[in-house]
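> coordinates only, sequence not included:
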């Protein structure tokens with residue numbers, strides 16, 4: 001059966017060429033942002049369902065917003081309209097994921113969910129004829145990506161892997177590491193200057209203007225940073241983070257992977273406290289980013305969500321941030337939530 005074309009969009013020549021190549025082997029696609037990596041994934045998915053009509057397509061992305069973005073794009077343009085789809089993230093209860101996976105042809109998920117479900121034998125990847133790893137460069141540090149790839153290689157009857165990335169690294173060794181972790185043997189790269197790409201590239205002029213953070217925002221940011229520093233110092237005292245090194249989001253993410261890996265190997269005791277501190281630190285870090293880049297309303301919505309999650313769970317401790325109650329600013333609702341609860345992540 002001939003594969004159908006995407007609906008409502010016209011695939012470009014270089015996208016069709018990349019997709020054709022990707023059907024022959026496990027492939028890493030390197031395309032700058034805006035050149036349509038998702039369309040390439042859709043072309044490959046359409047062809048795989050045409051060749052293996054009783055199989056599933058699994059599209060992985062590292063964050064829930066990206067997962068939802070892919071799900072919407074496929075809902076709008078995937079040619080097999082009868083194909084049932086589902087979204088599986090940490091917000092989907094485990095008891096519902098098994099049925100959702102088995103009943104769907106298109107599965108959009110975060111890698112941690114798939115890894116955990118496969119490890120728990122909720123379902124297998126035997127009937128999956130294509131796994132798409134968006135942001136494939138993250139497999140270098142995301143153990144979930146590499147573990148899903150390993151399980152897929154062992155379980156699938158007709159496996160094919162497609163990695164998508166805009167920036168794998170300038171280092172050849174990093175690209176080789178991505179390929180090794182995802183069992184990739186074929187690399188397709190395009191740049192904006194390539195002959196088959198230039199007809200689709202529009203010149204863009206960018207002007208950057210640096211703005212000072214409003215005083216009231218700085219007050220809230222100071223409170224949140226104090227809470228973040230407190231948790232970082234506790235993690236350092238537990239020898240989970242290095243001393244005298246600036247703790248970045250990347251370092252916190254790596255710590256989270258390491259701690260959860262230790263828990264899966266049977267660790268316990270102080271590990272649970274470290275996991276909780278790491279989750280709280282990630283929440284505070286994200287709240288600071290939202291406040292300073294998107295404003296008080298975005299940060300307030302995020303902390304409201306954490307407050308609701310903490311209400312559903314007895315694991316989230318209250319934050320003792322006395323300075324929050326003294327701040328006189330529009331973002332005071334942020335501070336009161338932070339003071340009362342709101343540092344537990346799901």
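Arrived safely. Just so you know, these numbers come straight off a predicted model, no measurement behind them. Residues are numbered from 1 along each chain as shown.

> Can you show me the helices along the stretch 201-346 of the chain?
Residue ranges of the helices in the stretch 201-346 of the chain, as given by DSSP state H, counting those that start in this stretch, are 215-237, 249-264, 270-294, 296-312, 332-340.

> The ones you listed: which one's closest to residue 87?
Closest approach to residue 87 among those (C-beta to C-beta): helix 296-312, 17.3 Å. In short, each C-beta sits where N, CA and C put it, glycine included.

> Ok, which of the helices of the stretch 201-346 of the chain comes nearest residue 12?
Of all the helices of the stretch 201-346 of the chain, helix 270-294 sits nearest to residue 12, with 32.2 Å by C-beta to C-beta.

> starting at the chain centroid, how far to that closest one?
How far helix 270-294 lies from its chain's middle: 16 Å, per C-alpha atoms, centre = their mean, to the nearest Å.

> Residue 100 should be in a strand, yeah?
No: under the criterion used here (DSSP: H, G, I helix; E, B strand; the rest coil), residue 100 is helix, not part of a strand.

> and residue 179, what does it touch?
28, 185, 187 (C-beta atoms under 8 Å, 6 or more residues apart in numbering).

> Could you report the pLDDT at it?
Listed pLDDT for residue 179 reads 89.

> What's the first helix or strand after the helix or strand it falls within?
Using DSSP states H and E, residue 179 falls within helix 172-181. Scanning forward in sequence from helix 172-181 by DSSP H and E, the next helix or strand is strand 186-189.

> Can you give the strand pairings for that following strand, parallel or anti for each?
strand 27-30 (parallel) (DSSP bridges).

> pLDDT of the strand it pairs with, averaged?
Here the average pLDDT along strand 27-30 is 94.

> For that strand, what is the distance to the chain centroid?
Centre to centre, stretch against its chain (C-alpha atoms, centre = their mean), the figure for strand 27-30 is 18 Å.

> could you give the mean pLDDT of the next helix or strand after it?
Next along the chain after strand 27-30, taking DSSP H and E as the criterion, comes helix 37-51. Helix 37-51 shows a mean pLDDT of 95.

> between the contacts of residue 179, which is nearest residue 278?
Once C-beta to C-beta is applied, the member of the contacts of residue 179 that ends up nearest residue 278 is residue 28, at 30.1 Å.

> Is the closest one in contact with residue 181, as I believe?
No: if you go by C-beta atoms under 8 Å, residue 28 and residue 181 don't touch, sitting 10.6 Å apart.

> Give me the more crowded residue out of these two.
Neighbours were counted for residue 28 and for residue 181 using other C-beta atoms under 10 Å; residue 28 has more, 24 against 20.

> Nearest spatial neighbour of that one, chain-adjacent residues omitted?
residue 163 (4.3 Å; C-beta to C-beta, 6 or more residues apart in numbering).

> Is residue 146 part of a helix or strand, or is it coil?
helix.

> One more: residue 59?
strand.

> shaky segments in the stretch 201-346 of the chain?
Along the stretch 201-346 of the chain, segments meeting pLDDT under 70 span 310-346.

> and if we set it to 80?
202-204, 267-268, 294, 298, 305-346 (pLDDT under 80).

> same check, this time on the stretch 1-150 of the chain
In the stretch 1-150 of the chain, residues with pLDDT under 80: 1-5, 138-143.

> Strands of that one, residue ranges please.
27-30, 56-60, 85-88, 106-109, 128-133 (DSSP state E, counting those that start in this stretch).

> now the ones you listed in CSV, with distance to residue 77?
Converted to CSV, these look like this (distance: least, C-beta to C-beta, whole Å):
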stretch, distance to residue 77
strand 27-30, 18
strand 56-60, 13
strand 85-88, 12
strand 106-109, 12
strand 128-133, 15
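
> who wins for proximity to residue 71 among these?
The nearest among the strands of the stretch 1-150 of the chain, by C-beta to C-beta, is strand 106-109 at 4.3 Å.

> Partner strands of the closest one, with direction?
Within its sheet, and counting by DSSP bridges, strand 106-109 is paired with strand 56-60 (parallel), strand 85-88 (parallel).

> Quick check: phi and psi at the residue nearest to residue 28.
Main-chain torsions, residue 163, degrees, to the nearest 10: phi -100, psi 140.

> Which segments of this structure make up each domain?
Here the domain parsing of the chain from automatic domain parsing is 13-200, 215-340.

> from the middle of its chain, how far away would the shortest one be?
Relative to the centre of its chain, domain 215-340 is centred 19 Å away, using C-alpha atoms, centre = their mean.

> Can you say which of the strands paired with strand 106-109 is packed in most?
Among the strands paired with strand 106-109, strand 56-60 has the highest mean neighbour count (mean count of other C-beta atoms under 10 Å), at a mean of 27.

> Could you list the residues in contact with it?
Counting by C-beta under 8 Å, 6+ apart, 41, 45, 48-49, 67, 70-71, 74, 101, 104-111, 114, 125, 127-134, 145, 148 sit against strand 56-60.

> can you state the direction angle for it and helix 37-51?
160 degrees (axes from the mean of the first three to the mean of the last three C-alpha atoms, to 10 degrees).

> Mind checking the helices of the stretch 201-346 of the chain for the one nearest to residue 34?
Closest among the helices of the stretch 201-346 of the chain, using C-beta to C-beta: helix 270-294, at 20.7 Å.

> Understood, closing this out.
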